[in-house]
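# coords please:
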Amino acid sequence: MATTKVKGIIIENKDYKEKDILATIYTVELGKVRALFKGVKGEKAKMKAHKNIFTFAEFVLENTKGNNIVSQVDLIEGFYNLSQDLDKFYEACSIVDIVKKLGNEQSDPVFFLEFVKALKNLNYSVVLKNITLIKFLINVFKGAGYPINFSECASCKAKITGKKYFNLDFGEIVCGNCRKNTSFEITPLIFSCLKIINQTPYEKLKSIKINDEGITDSLILLSDNFEWRFGCKFFIA
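Here you go, the predicted structure:
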C-alpha cells in the first residue's frame, strides 16, 4: 500500500455509499486527484469538518487497490468566510469551476498558486462582486499563453488611440485596421475596467471602484473569450 502526501484544495465532493464522500482535490504535486473520505458523514467522524469544498490542506492518501483513501488531513485554510456570504460563495464557485475545467492530472504550481491567491482574496478582503473572478480569468489567460495587451494593438503593435476591438480568434485587443470578422468593439468602460484590474495586485483589489455595468460587461467578454479559447463554459451565478 503506497502512501502519498499532497497539498491541495477540495474542488468537488459527492456522496459515496452511506457514510463516505468521494472528493476531487486539486493538488500542487499531482494536479487533480480523486480520493475517498471514508465514514466522514458519521456524527463523530474525525475528518468530518475537512471534507468540504474550498478546504485547503495537506492530505495523506493511502492507495489501496488503485483507489486513494484519505487517512489524514492537516488543515491549512478552511476559507470559512466564503460560506457566510452568498456573493462570495458563488464567485468562489465560479473560480472552482474554472479549475475543474482547466486543471488536469499534472502538476501546475503556477496555476495552483493563482487559485490560492484568488480564494484568499475573496475570503479575507471586501472586494466588489466579481472583480476577483475577473482578475483570476485575466491571469489564467496569461498563464495559458493568451495574455491581453492593454498598451498596443496585438497585431500591428501600434498604440491604440481610437476604437478598440477584441479579436476572439486570438483573445487579443486590436485596432480598427486589424479587426477581423470575429472582432467586436469594446467600450471605453470595459477597456478601462479590464486594464485597471489587470494592473492591480490581488491584495489591492479592494481599493478599486468600478460601476456594476463595467464589471458585468467585462465578465461577459472574458467568459466569451474563455469559451473560444478552451471550448467550454464555466459557472457564473
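
# nearest spatial neighbour of Phe170, skipping sequence neighbours?
Ala154 (7.0 Å; C-beta to C-beta, 6 or more residues apart in numbering). Placement of C-beta: from N, CA and C, glycine included.

# List the residues that contact the one you found.
Shown in contact with Ala154 (C-beta atoms under 8 Å, 6 or more residues apart in numbering): 167, 170, 172-174, 178.

# which stretches of this protein form helices?
86-102, 109-124, 131-143, 188-199, 212-230 (DSSP state H).

# To Glu12, which of those lies closest?
Closest to Glu12 of those, according to C-beta to C-beta: helix 86-102, at 6.5 Å.

# Dump the closest one to PDB, keeping only the CA atoms.
Listed next in PDB are the C-alpha coordinates belonging to helix 86-102 (Å, rounded to 0.1, in the frame of the first residue of the first chain):
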ATOM      1  CA  LEU A  86     -23.700  34.300  -0.800                       C
ATOM      2  CA  ASP A  87     -22.000  36.600  -3.300                       C
ATOM      3  CA  LYS A  88     -18.500  35.400  -2.200                       C
ATOM      4  CA  PHE A  89     -19.700  31.800  -2.300                       C
ATOM      5  CA  TYR A  90     -21.000  32.000  -5.800                       C
ATOM      6  CA  GLU A  91     -17.900  33.900  -7.000                       C
ATOM      7  CA  ALA A  92     -15.700  31.200  -5.400                       C
ATOM      8  CA  CYS A  93     -17.800  28.500  -7.100                       C
ATOM      9  CA  SER A  94     -17.000  30.200 -10.500                       C
ATOM     10  CA  ILE A  95     -13.300  30.100  -9.700                       C
ATOM     11  CA  VAL A  96     -13.500  26.500  -8.600                       C
ATOM     12  CA  ASP A  97     -15.400  25.600 -11.800                       C
ATOM     13  CA  ILE A  98     -12.700  27.100 -13.900                       C
ATOM     14  CA  VAL A  99     -10.100  25.000 -12.000                       C
ATOM     15  CA  LYS A 100     -12.300  21.900 -12.600                       C
ATOM     16  CA  LYS A 101     -12.500  22.700 -16.300                       C
ATOM     17  CA  LEU A 102      -8.800  23.500 -16.900                       C
END
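
# Cool, thanks, talk later.
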